[in-house]
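> coordinates only, sequence not included:
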């Protein structure tokens, strides 16, 4: 069974065991889990994807106006999500392939790449595993 299907099944089983209605069991939470699971696919990044993401993130952050850096710090935005290139593992339905970059260390936050079926708007904050990152697109 796929992880997304397992999570949905577990949530539905909890609702059934508790005898509650969908509203009582958090239908909105269930919908959010389903949306999140279908919105992104995570896998290990290739060396090329890492290189491109690192270059784009550094370029973006270097060119960022000091005022915008101050705004990011005030909003406590530590991570940005930047586009990278597709790989053979990227599904056809993915519109964007991104990686998360740490503004404090100046390095990629991990070795995972996220294939997004529905990318967030540039400037929006999105959740990538444990990272809340501001999506900056290709950084250009």
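Happy to help now that I have it. Being a predicted model, the structure only gives us computed values, none of them experimental.

> any regions of the chain where pLDDT drops low?
1-39 (pLDDT under 70).

> where along it do the helices fall?
In the chain, the helices defined using DSSP state H lie at 3-18, 27-39, 47-63, 66-74.

> what's opposite residue 114 in the beta bridge?
residue 42, residue 98 (DSSP bridges).

> let me see the contact set for it.
40-42, 81, 97-100, 128 (Cβ atoms under 8 Å, 6 or more residues apart in numbering). For glycine as for every other residue, the C-beta is placed from the backbone atoms N, C-alpha and C.

> can you tell me how far it sits from residue 80?
Note on residue 114: its distance to residue 80, by Cβ to Cβ, to the nearest Å, is 13 Å.

> do residue 139 as well
Applying Cβ to Cβ to residue 139 and residue 80 gives a distance of 8 Å.

> identify the contacts common to these two.
Common neighbours of residue 139 and residue 80 (Cβ under 8 Å, 6+ apart) are 57, 60.

> these two: which has the busier surroundings?
Using other Cβ atoms under 10 Å as the criterion, residue 139 and residue 80 rank with residue 80 on top: 26 against 20.

> burial count for residue 133?
With other Cβ under 10 Å as criterion, residue 133 counts 26.

> would you agree it is in contact with residue 102?
No - the criterion here is Cβ atoms under 8 Å, and residue 133 misses it with residue 102 at 9.3 Å.

> between the two, which contacts overlap?
Counting by Cβ under 8 Å, 6+ apart, the residues touching both residue 133 and residue 102 are 79, 109.

> OK, contacts around residue 119?
Applying Cβ under 8 Å, 6+ apart to residue 119 gives the contacts 95-96, 98, 135.

> mind listing the shared neighbours of residue 114 and residue 80?
Shared contacts of residue 114 and residue 80, defined by Cβ under 8 Å, 6+ apart, are found at residue 100.
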